[in-house]
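Undergrad: just coords:
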Ligand code: KIV
């Protein structure tokens, strides 16, 4: 919230394990999201729906152990906050206490306002997530840009009024994201929501070019790690097959 007041943009990325979280933290990212995209990125599912609370705690705990500086936010998975606000509070408490993360994120605006208020009143920092809500994929029938302006405004306002400290805007026309950003006191974090948001978040594997067969208009590949890592792996295999690895420099001697 201070960053928004100071006009400082926030760069957030996802991580799911110790190694990547350490690298992200060292490079100066402002926030690390242990997203439920782990269902797709790590577990290989088509959606995020099968991710469990235990999965999130397990991965968030690894991330927290690596981080010295960045804000760590952990996603509340599908059906971990939908039954009641009490269930949400209990599960948010588990995520914070058992992983050591600083904040939780949950998908919803108007429909989750009471839950956001309950968590905020219990001093659980909550980031809301409106626009395209991947946990709603079964009812919206795919991952589509959300263009209904009144719904987006209502959701963002409801989340902010309920006490969210920030809001992810996913796959929202940039003009609407800009309007929401100008209106709200809390930071908006865009993913496919244009340049006027207060910050941006991407899935790390996507922006590093590690994700096979996934193209989205909003993802910029800042490098092609899949090609680079693939070349190194093929070189290793070829070196072992040909007997050039290990050489003497990578071997021990009796003395
Ligand atoms: O789960 C996730 O990684 C997310 C981001 C894509 C915003 O929610």
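TA: Arrived safely, thanks for sending. It should be emphasised that the depicted structure is a prediction, and the values quoted were computed from it without experimental measurement. Numbers count the residues shown, from 1 in each chain.

Undergrad: Angles on the backbone of the residue of the chain at minimum distance from the ligand, please.
TA: Proximity to the ligand, evaluated over the chain using Cβ to the nearest ligand atom, is greatest for residue 35 at 2.1 Å. All C-beta atoms are positioned from the backbone trio N, CA, C, and that covers glycine. Backbone torsions for residue 35, taken as degrees, to the nearest 10, come to phi -80, psi 160.

Undergrad: Just give me the neighbour total for it.
TA: As a burial measure, residue 35 scores 30 neighbours (other Cβ atoms under 10 Å).

Undergrad: Do I have it right that it meets residue 76?
TA: No. If you go by Cβ atoms under 8 Å, residue 35 and residue 76 don't touch, sitting 10.8 Å apart.

Undergrad: tell me the pLDDT at residue 215?
TA: Residue 215 carries a pLDDT value of 88.

Undergrad: So it, which state does it fall into?
TA: Secondary structure state of residue 215, per DSSP: H, G, I helix; E, B strand; the rest coil, is coil.

Undergrad: For residue 15, which residues are in contact?
TA: Residues in contact with residue 15, defined by Cβ atoms under 8 Å, 6 or more residues apart in numbering, are 21, 24, 32, 33, 34, 63, 66, 204.

Undergrad: picking up where we left off before, could you find the closest non-adjacent residue to the residue of the chain closest to the ligand?
TA: Closest residue to residue 35 apart from its sequence neighbours, by Cβ to Cβ, 6 or more residues apart in numbering: residue 14 at 4.5 Å.

Undergrad: Bridge partners for that neighbour, pull those for me.
TA: Beta bridges link residue 14 to residue 33, judged by DSSP bridges.

Undergrad: Only the buried residues of the top helix by length along the chain, if you could.
TA: Determined from DSSP state H, the single longest helix within the chain is helix 225-242. Across helix 225-242, burial judged by 16 or more other Cβ atoms under 10 Å covers residue 225.

Undergrad: Quick one: mean pLDDT over that helix.
TA: The model assigns helix 225-242 a mean pLDDT of 98.

Undergrad: List of residues touching it?
TA: Applying Cβ under 8 Å, 6+ apart, the contact partners of helix 225-242 are 208, 209, 210, 211, 212, 245.

Undergrad: Tell me the secondary structure of residue 159, please.
TA: Taken by three-state DSSP, the conformation at residue 159 corresponds to helix.

Undergrad: thought it was touching residue 167?
TA: Yes. Contact criterion Cβ under 8 Å: residue 159 and residue 167 qualify, at 5.4 Å.

Undergrad: hey, what's in contact with both of these two?
TA: 128, 130.

Undergrad: ok now the helix or strand harbouring residue 205, how far from the chain's centre?
TA: In this structure, residue 205 sits in helix 204-207 according to DSSP states H and E. Taking Cα atoms, centre = their mean, to the nearest Å, one finds helix 204-207 lying 11 Å from the centre of the chain it belongs to.

Undergrad: got a list of contacts for it?
TA: The contact list for helix 204-207 (Cβ under 8 Å, 6+ apart) reads 13-15, 20, 24, 41, 210-211, 214, 216, 219-222.

Undergrad: Now do the strands in the chain.
TA: Along the chain, counting by DSSP state E, strands occupy 10-14, 31-34, 71-75, 103-107, 126-131, 166-170, 188-191, 199-202.
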